[in-house]
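Generate coordinates for the sequence data below:
(4 chains)
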2 protein chains.
Amino acid sequence: MTILLSQEIDRTSYEPAYAQLVNILQASMATGVFKPGAQLPSEAQLCEHYKVSPMTVRRVINILLDRGLVTTAQGRGTFVKGVDIGEAVFHLSGLKEQIESTDRAQVQLLEARIVEAPERVARKLELSPVDWTIFVRRLLLQDGTPVSYHRAYLIYDPRRPIVEGELEVTSLEGLIHGNGQTDLQSGCLSIEAVTLKEEEAAILSMGQGDPAFLIDHTFYDFQDRPVSWGWFIWRADRLKLSATIGNRPPQDQQSAMKDSRRWTGEDHE
Amino acid sequence: MTILLSQEIDRTSYEPAYAQLVNILQASMATGVFKPGAQLPSEAQLCEHYKVSPMTVRRVINILLDRGLVTTAQGRGTFVKGVDIGEAVFHLSGLKEQIESTDRAQVQLLEARIVEAPERVARKLELSPVDWTIFVRRLLLQDGTPVSYHRAYLIYDPRRPIVEGELEVTSLEGLIHGNGQTDLQSGCLSIEAVTLKEEEAAILSMGQGDPAFLIDHTFYDFQDRPVSWGWFIWRADRLKLSATIGNRPPQDQQSAMKDSRRWTGEDHE
DNA sequence: AAGTGGTCTAGACCACTAT
DNA sequence: TAGTGGTCTAGACCACTTT
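Residues are numbered from 1 along each chain as shown, chains lettered A, B, ... in the order given. Prediction:
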C-alpha cells in the first residue's frame, strides 16, 4: 500500500499542518481515492510521506474519527466509513438566528403567576404536589408574526435563591444567547411532531390541527436538580432542522434545503 | 489563581491520563467549582498540578472545547461556557434502533417503476425533465405495524452504472446499517413537522390530519452529483429526537424522556 | 515583559492483530 | 515477529493579550 497522495504540506501556509492533512485526506475520501471500507495508509506511512510527526498524524486521525468519516481498529488499521443515516445529527438552526436578532424578534409575556405544581409537573421537577411553581406563558414574535408559544414551570422555593437567575435565564434572551453566566448547568430537550390545539392555533395565528413542533425542555442546576420544565410550540413553517451525513465538503449545505416546502402536487397518482 | 483540584491522576489506572483529566475538569464545572464565565487554570498550571505534559493538557482542552463546555481565547485563557439552547444537537435515535433489529423490523416494497422525472424531481436531481428516474415506494414496519412510509426517486442513467448500488443502498438496510461499502459519498437531510394526507394516513394506519415527521433526504455520489431524492413520512409516535445541552454527566439521559407523551390535560385553564 | 493558548517535534512505550 | 493504532513526554517556537 504505497498510494501516493499528490499534494504535500505547505509549511509556509497560515493553515496549520494538521488542518492541511485533514483536508487532504478528507478530499481523498470525497473523490473516491479511498472508498468506504478501504484502509487508509498507516500512521507511520502518513508520517513519512507528509514529513510530519506521529503526534500530528494522530491528531489528524482523531479529527477524522470524530467527524465520523473513519473507524480505527487497534492492531489492524484505519478504515473509511460509509454513509449511515442513523448518524445524522440535527442542529437547531433557525432557532438561534430567529431570536438572536433582537430588532426583528420580540418576546411577549402573556402570563406569569405562582401556582401549586400540578401532579405531572411535580413529577418532572421532583417536587411534592404542594410545592409552588411559577407558571409562565410567553409568545415569541418575529417581524410581528408569532412563531412560537412557550409555557414553562419554574420551581419557586424560598430556600433556593436561585429562582431569580432561572427567571432571567428562561427569559429566552438568556437561554439562547446563553453566554451570560447563569446558575444553570445543563438541559435536556426532545422534539415531537404535534398538531395545534385550539388555544395554540389562536395564539399562533394558525388553524387548529395545523402541524407544529413541540420542543420539551428540562433544565438542571449544579446539584443536578431540575429547576424548570416547559415546552415550546413552534410553527412548523418557522423551524428547520437540517443535517448532513457522510463526507460532505463544507460548502452550500443549505442550497439543498431551499425549495423544500412540502410538495402539494400529486405524489405520482 | 492557585485553585487546587483535590483529585490527581492515577497512573496505574486503565483509564488514560487525558480521559481522567477530562473527567476531573468536567466534574469540577458540573459541581460549580468553575461556574459559567469563570476562567480555568492555565495550561501550564494544569501541567504542573497534574504532572502531565503540555500535549496531554492540550488534548484535554480540545476535548472540552468540542464538547462545547469551554471556550478558549488565545492570549487570554480558557473559560467555562453556559448553557446555550441554540447548540442543542438532536440525534436520530430510534430510527437506527428501529431498523437495526431485523427480527422486529421489516421493509415492504409497495412499488418500483421507471418514470420520467417530474419537474420538481428533475430540479432536485439536476436532471432535464426528459430524463428517467426510478420511483420507489416502501413501507417500514415494526412488529407488524407500519411506522414509516418512504418514497424516493433514483437517477436512472445507462451511462452511470452506479444505479444498482444506489438501489441497494436506498434499500434501507444499507442506508441505516451503513457500514457496507457503497458508492454514496454523502447525504443531506432535513426534518419538518407535517400532517398526514389521506393516502399516507391509510398506509400508516393513522388518521388523516394526524401529526408526523417528514424527513427529506438527498444523496450524492463521489462526484458530488445528486443520485437520489426522497422523503420519509414517519409516525410522530415512533420517532424521538433528543438532545442535551450544557454539562450533562453521562447517565440516564432518557430518564427525562420517558413519560413525555403530550399532555392532554388542561394547560392551566 | 510576562502570561496565555496553538502548533509541532522526535522519539518512547504499550496493546492489539495478523502471519 | 512485524505492523498497527493509542498514549505520553519534555521540550521548542509562535501569535496573541495584558500589564
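
just the helices in the stretch 101-250 of chain A please.
A:119-124, A:163-169, A:198-203 (DSSP state H, counting those that start in this stretch).

quick one, strands of the stretch 1-150 of chain A?
Counting by DSSP state E, counting those that start in this stretch, the stretch 1-150 of chain A has these strands, from start to end: A:70-73, A:77-80, A:89-91, A:105-116, A:132-142, A:145-156.

Of those, flag the one that's most buried.
Comparing the strands of the stretch 1-150 of chain A by mean neighbour count (mean count of other C-beta atoms under 10 Å in any protein chain shown), strand A:145-156 ranks first with a mean of 21. Heads up, the C-betas are built off the backbone N, CA and C, glycines and all.

ok and that one relative to strand A:132-142, angle-wise?
Interaxial angle, strand A:145-156 versus strand A:132-142 (axes from the mean of the first three to the mean of the last three C-alpha atoms, to 10 degrees): 160 degrees.

Can you tell me which of the helices of the stretch 101-250 of chain A has the worst average pLDDT?
Mean pLDDT per stretch puts helix A:163-169 lowest among the helices of the stretch 101-250 of chain A, at a mean of 45.

which regions of the stretch 101-250 of chain A sit below the pLDDT cut-off?
Within the stretch 101-250 of chain A, the set of residues satisfying pLDDT under 70 comprises A:101-103, A:157-183, A:249-250.

What values do phi and psi take at A:Leu125?
Per-residue torsions, A:Leu125: phi -100, psi 10 (degrees, to the nearest 10).

give me every residue that touches it.
A:Leu125 sits next to A:Ala117, A:Asp131, A:Thr133, A:Tyr153, A:Ile155, A:Pro226, A:Val227, A:Ser228, A:Trp229 when contact means C-beta atoms under 8 Å, 6 or more residues apart in numbering or on different chains.

next one: A:Cys47
The neighbours of A:Cys47, taking C-beta under 8 Å, 6+ apart as the test, are A:Ser53, A:Pro54, A:Thr56, A:Val57.

can you do 6 Å?
A:Pro54, A:Val57 (C-beta atoms under 6 Å, 6 or more residues apart in numbering or on different chains).

how close does it sit to B:His150?
A:Cys47 sits 45 Å away from B:His150, taking C-beta to C-beta, to the nearest Å as the criterion.

can you give me how far stretch A:119-139 is from the chain middle?
26 Å (C-alpha atoms, centre = their mean, to the nearest Å).

oh sorry, the question was meant for stretch A:150-159
Using C-alpha atoms, centre = their mean, the offset of stretch A:150-159 from its chain centre is 25 Å.

Show me how chain A divides into domains.
Domains of chain A are assigned by automatic domain parsing as A:17-82, A:95-238.

for the record, mean pLDDT for the shortest one?
Okay, so that is domain A:17-82. Rounded mean pLDDT across domain A:17-82 is 93.

Need the distance between the two termini of it.
26 Å (C-alpha to C-alpha, to the nearest Å).

swap in stretch A:213-232?
Chord length of stretch A:213-232, first to last residue, is 8 Å (C-alpha to C-alpha).

And the contacts of it?
A:124-126, A:148, A:150-155, A:166, A:170, A:184-192, A:194, A:233-234, A:239, B:32, B:193, B:256, B:260.

still on that earlier bit, which one among the contacts of A:Leu125 gets closest to DNA strand D?
Of all those, DNA strand D sits closest to A:Val227, with 32.8 Å by C-beta to the nearest atom of the strand.

Check the spacing between that closest one and DNA strand C real quick.
30 Å (C-beta to the nearest atom of the strand, to the nearest Å).

Let me see the confidence value for the most centrally placed residue in chain A.
Centroid-nearest residue in chain A: A:His91, 3.3 Å away (criterion: C-alpha atoms, centre = their mean). Confidence at A:His91, expressed as pLDDT, is 85.

Tell me how many other residues surround A:Trp231.
Applying other C-beta atoms under 10 Å in any protein chain shown, we find 23 residues neighbouring A:Trp231.

Distance check, it against A:Thr133.
From A:Trp231 to A:Thr133 the distance is 14 Å (C-beta to C-beta).

go on, A:Leu239?
27 Å.

before we move on, what about A:Leu127?
On the measure of C-beta to C-beta, A:Leu127 and A:Thr133 end up 7 Å apart.

what touches both of the two?
A:Ala117.

Tell me the buried residues within the contacts of stretch A:213-232.
For these, a burial check counting by 16 or more other C-beta atoms under 10 Å in any protein chain shown picks out A:124-125, A:148, A:150-155, A:166, A:170, A:184-192, A:194, A:233-234, A:239, B:193, B:256, B:260.

Quick one: name the residues of the stretch 1-150 of chain A near DNA strand D.
A:1, A:40, A:42-45, A:54-55, A:58, A:61, A:72-78 (C-beta under 7 Å from any atom of the strand).

now do 6 Å
Residues of the stretch 1-150 of chain A lying close to DNA strand D by C-beta under 6 Å from any atom of the strand are A:Ser42, A:Glu43, A:Ala44, A:Pro54, A:Met55, A:Arg58, A:Ile61, A:Thr72, A:Gln74, A:Gly75, A:Gly77, A:Thr78.

got a list of what the last one touches?
When contacts are counted by C-beta under 6 Å, 6+ apart, A:Thr78 touches A:Leu40, A:Val70, A:Thr72.

Check the nearest residue to A:Gln20 once chain neighbours are set aside and give its pLDDT.
Leaving out its chain neighbours, the residue that sits closest to A:Gln20 by C-beta to C-beta, 6 or more residues apart in numbering or on different chains is A:Ile9, at 5.3 Å. The model reports A:Ile9 with a pLDDT of 88.
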